[in-house]
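Engineer: Next comes the sequence, and after it the predicted model I'd like to discuss.
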Amino acid sequence: MRPIIEFCVNNMHHGTDVLMKELEQNPDYDVIEYGCLGNCGECYMFPFAYVNGEIVAAETVDELRTRILDEIEQIKQWEQLDID
């Protein structure tokens with residue numbers, strides 16, 4: 001299953017728009033932009049996204065990129081264990 005990465009348009013002031021566009025280029029991911037994800041307190045404070053419905057947050061966009069990719073790698077590992 002392809003990972004679903006969700007971004008909040010209201011969080012773009014942190015620079016997540018650049019990250020979202022970068023991740024959209026990868027055909028292995030489904031990237032979705034929403035008007036609001038309902039996490040206004042977190043949205044105001046730091047960059048975040050959802051990966052398969054789980055919140056991933058960081059202090060910077062670069063750190064968020066790393067955490068998102070780490071989360072996707074963990075998902076792939078769990079899926080591999082389910083197959084074996």
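Structural biologist: Great, that's in hand.
Engineer: Need the contact partners of the helix or strand that residue 65 is a member of.
Structural biologist: Applying DSSP states H and E as the criterion places residue 65 in helix 61-83. Residues outside helix 61-83 that contact it (CB atoms under 8 Å, 6 or more residues apart in numbering) are 1, 3, 5, 14-16, 18-19, 22-23, 29, 47-49, 51-52, 54, 56-58. Quick note: C-beta positions are derived from backbone N, CA and C, even for glycine.
Engineer: Going by neighbour count, which of those residues are buried?
Structural biologist: The neighbour-count criterion (16 or more other CB atoms under 10 Å) marks 3, 5, 14, 16, 19, 23, 29, 47-49, 51, 56-58 among those as buried.
Engineer: Would you mark the buried spots in the helix or strand bottoming out on mean pLDDT in the chain?
Structural biologist: Least confident helix or strand, the chain: helix 40-45 with a mean of 81, by mean pLDDT, DSSP states H and E. By neighbour count on 16+ other CB under 10 Å, the buried set for helix 40-45 is residue 43.
Engineer: Could you give the separation of it from the chain centroid?
Structural biologist: Centroid separation for helix 40-45 versus its chain: 15 Å, with CA atoms, centre = their mean, to the nearest Å.
Engineer: so after it, what's the next helix or strand?
Structural biologist: Using DSSP H and E, the next helix or strand after helix 40-45 towards the C-terminus is strand 48-51.
Engineer: Counting by contacts, list what that next one packs against.
Structural biologist: strand 4-8, helix 16-24, strand 54-57, helix 61-83 (3 or more CB pairs under 8 Å, 6 or more residues apart in numbering; DSSP states H and E).
Engineer: If we use 10 Å, what do you get?
Structural biologist: Contact analysis of strand 48-51 by 3 or more CB pairs under 10 Å, 6 or more residues apart in numbering; DSSP states H and E lists strand 4-8, helix 16-24, strand 30-34, strand 54-57, helix 61-83 as its packing neighbours.
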